[in-house]
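Visitor: What would the 3D arrangement of this be:
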Amino acid sequence: MPQKKDGVAPGEWRLGPEGHIAALALAGWLRLPDPPMLVVTSPEPKAAETAAPIAEQFGVPLVLDERLREVERPWVGEGYRLAARGYLRGEDPEAWEDRSRVARRVGRAVDDARAHVDDAPVAAVGHGLSLAIHVAQKMPDGFLAGQFWSRLSFPDAWLLDLDQQLLQHLVPVG
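Guide: Take a look at the predicted model:
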């Protein structure tokens with residue numbers, strides 16, 4: 001729930017008051033089978049401000065990683081959701097970052113974070129499009145990144161088990 005400001009690029013948006021409350025709530029109800037040993041996040045303020053309470057809740061380090069930034073795209077506004085769904089289906093909107101480049105950079109960020117903690121669980125906090133591309137690379141053929149992206153809320157939490165190729169939506173407890 002970013003606080004959008006005219007003249008400020010989406011990558012610089014911060015969380016608004018509701019976003020801060022939601023991030024704290026997310027950290028409070030987040031339950032994982034194996035707690036993360038590290039939280040790695042995009043340095044974009046809205047992501048880092050969401051990640052900070054999660055790292056604090058689990059008492060683990062918070063690491064900023066440029067590779068978890070959102071997909072580079074020239075605009076956000078009218079028609080954006082339609083263009084984003086097309087992008088996730090394989091279309092190439094003009095001046096949008098190449099999907100294979102996104103998959104490589106996000107995958108490397110997650111792999112490096114896991115290597116840093118000897119393959120222990122890691123919480124990755126990022127952005128819808130870039131994480132949808134990452135998840136699509138890790139799931140079996142037939143995974144629909146656009147449907148996954150369309151289901152995301154702000155904030156949201158999903159568990160990706162690479163060993164079992166399982167994606168589980170984590171919902172509030174209680």
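Visitor: what's the neighbour count on Pro36?
Guide: 21 (other C-beta atoms under 10 Å). (C-beta placed from N, C-alpha, C; glycine too.)
Visitor: OK, contacts around the nearest residue to it once chain neighbours are set aside?
Guide: Nearest residue to Pro36 in three dimensions, chain neighbours excluded: Ala123, at 4.1 Å (C-beta to C-beta, 6 or more residues apart in numbering). Counting by C-beta atoms under 8 Å, 6 or more residues apart in numbering, Ala123 makes contact with Leu32, Pro36, Leu38, Val39, Val40, Ala51, Ile54, Ala55, Phe58.
Visitor: and those residues, which of them are in strands?
Guide: Judged by DSSP state E, strands contain the following of the contacts of Ala123: Leu38, Val39, Val40.
Visitor: re earlier: out of the contacts of Ala123, which one sits closest to Ile21?
Guide: Ile54 (14.4 Å; C-beta to C-beta).
Visitor: Pretty sure the closest one sits against Val122.
Guide: No: counting by C-beta atoms under 8 Å, Ile54 sits too far from Val122 to count as a contact (11.2 Å).
Visitor: next structured bit after the lowest-mean-pLDDT helix or strand in the chain?
Guide: In the chain, no helix or strand scores lower on mean pLDDT, DSSP states H and E than strand 2-3, which sits at a mean of 84. Toward the C-terminus, strand 2-3 is succeeded by strand 14-15 as the next helix or strand (DSSP states H and E).
Visitor: Show me where this protein dips below the pLDDT cut-off.
Guide: 172-174 (pLDDT under 70).
Visitor: next one: phi and psi at the residue nearest in space to the middle of the chain?
Guide: Nearest residue to the geometric centre of the chain (C-alpha atoms, centre = their mean): Gly126, 2.8 Å. Phi and psi for Gly126, reported as degrees, to the nearest 10, are phi -150, psi -140.
Visitor: What distance do you get for it to Leu68?
Guide: To Leu68, Gly126 is 4 Å away according to C-beta to C-beta, to the nearest Å.
Visitor: what sits in contact with each of the two?
Guide: The contact sets of Gly126 and Leu68 overlap at Thr41, Ser42, Ala47, Val106 (C-beta under 8 Å, 6+ apart).
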